[in-house]
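Visitor: Fold the following, please.
(one chain, ligands or ions: 2)
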Amino acid sequence: MQQETNFKAGFVTLVGKPNVGKSTLLNKLVGEKITIVSPRPQTTRNIIKGIITFKEAQIIFVDTPGLIETEKAPTPVDKKIIEETLMGMEGVDVVVFVADEREPSPEDFFIMEHLKKIKKPVILCVNKLDKIKQQKALHLIETYKKHFSFNVCIPISAKRGSNLSILVGEIINFLPFHPPYYSSDTITDQMERVLVAELIREKIFELTRQEIPYSVMTKVEEFTERSDNLIYISATIYVEHSSQKGIIIGKKGSMIKKIGQLARREIENRLGCRIYLDLRVGVKKNWRKNIESLKEIGFDKIK
Ligand code: GDP
Ligand code: MG
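Guide: Ligands and ions are numbered 1, 2, ... in the order given. As a prediction, the model looks like this:
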């Protein structure tokens, strides 16, 4: 491995309150190259969102979900999520803190407080530069810097792609020397299941507009290759109340049908093969408050 010592590779997470543009940024950075791969053993908690591999470096973006929601409702599960998020951050090499054109809010301060506990390089990105004057961006950076000593601060526009090459350069700058962790074709069943569960959840939120974080959970029960180009997937959507079950099923099953159609299309695109998707809805009362029940439905694997 001596010849690999010039290569840099590591794990990066994007944090920030909702709506600042994290997903837009990630999509812009990894774009169509998004691959779902098996995590290294130390970071099984993290969901790999995408990988960019250059000639001399590999950046692996991981998700550490749940930082914001935890602030408001400190149930045991929320506490667990906070702990996991922080532990997840322990496993990363660089943190990118994303803010937008607004003045910092309590949510931003909350995240920055947590960042102080993990001794990792943190890059500040003030996003949506296309919406504001340069002067305002510089003012925001100065304001953020009063609350946290960022290693680097970059004004960016995820939408237009402005300054993203500077961002990538800075990320690589802070990565350790390490051989690449993944070849681009490592795909495992477990990560595919996580992806499928996430995509179904995404469609539920899109279609029902019920943005209730963590109150809907999907579990992939079966994932079987039936023939050369067909995968059978069955999944259960767990909700907390029977009223939510009604919303998800819809009139004469119209909503669940729609969720299934959209999710199937997207899963087929991502996996590159035909799938048969079997969806069910189940009610598990107060499962958020009950960690054991979470384990039962596989929360520790599928987040
Ligand atoms: P997330 O919640 O942090 O993942 O934020 P999203 O990526 O979903 O973006 C939230 C909203 O901000 C969306 O409407 C995006 O189109 C918008 N957005 C993201 N980046 C930019 C940007 O650079 N400029 C502008 N004007 N809008 C942006
Ligand atoms: Mg997002």
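Visitor: show me where the protein has strands.
Guide: With DSSP state E as the criterion, the chain has strands at 8-15, 47-53, 57-63, 94-99, 122-126, 152-155, 217-227, 230-239, 274-283.
Visitor: Looking at these, which is nearest to ligand 1?
Guide: Comparison of the strands of the chain against ligand 1 by CB to the nearest ligand atom identifies strand 94-99 as nearest, at 6.4 Å. For glycine as for every other residue, the C-beta is placed from the backbone atoms N, C-alpha and C.
Visitor: Quick one: distance of that closest one to the chain centre.
Guide: 13 Å (CA atoms, centre = their mean, to the nearest Å).
Visitor: strands paired with that strand, and their directions?
Guide: Strand 94-99 has its sheet partners listed here by DSSP bridges as strand 8-15 (parallel), strand 122-126 (parallel).
Visitor: Run through who's touching the longest one.
Guide: If I follow you right, that is strand 8-15. With CB atoms under 8 Å, 6 or more residues apart in numbering as the test, strand 8-15 has contacts from 22, 25-26, 43, 46, 56-64, 67, 88-89, 91-98, 111, 115, 171-172, 175-181.
Visitor: Run the angle between that strand and strand 57-63 for me.
Guide: Following axes from the mean of the first three to the mean of the last three CA atoms, to 10 degrees, one obtains 30 degrees for the angle between strand 8-15 and strand 57-63.
Visitor: Pull strand 8-15 out as CSV, backbone CA atoms only.
Guide: The C-alpha coordinates for strand 8-15 follow below in CSV (Å, rounded to 0.1, in the frame of the first residue of the first chain):
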residue,chain,number,x,y,z
LYS,A,8,-6.5,11.1,0.4
ALA,A,9,-9.8,9.6,1.5
GLY,A,10,-12.3,10.3,4.2
PHE,A,11,-15.8,10.8,5.5
VAL,A,12,-17.7,14.1,5.3
THR,A,13,-21.0,15.1,6.7
LEU,A,14,-23.2,18.0,5.9
VAL,A,15,-25.1,19.5,8.9
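Visitor: quick one: it to chain centroid distance?
Guide: Its chain's C-alpha centre and that of strand 8-15 lie 12 Å apart, by CA atoms, centre = their mean.
Visitor: what comes up buried for it?
Guide: Lys8, Ala9, Gly10, Phe11, Val12, Thr13, Leu14, Val15 (16 or more other CB atoms under 10 Å).
Visitor: does Val239 have beta-bridge partners, and which?
Guide: Beta-bridge partners of Val239, counted by DSSP bridges, are Val283.
Visitor: give the contact list for it.
Guide: Residues in contact with Val239 (CB under 8 Å, 6+ apart) are Ser215, Val216, Lys245, Ile248, Val281, Gly282, Val283, Lys284.
Visitor: Write out the residues of the stretch 1-150 of the chain neighbouring ligand 1.
Guide: Gly16, Pro18, Asn19, Val20, Gly21, Lys22, Ser23, Thr24, Asn127, Lys128, Asp130, Lys131 (CB under 6 Å from any ligand atom).
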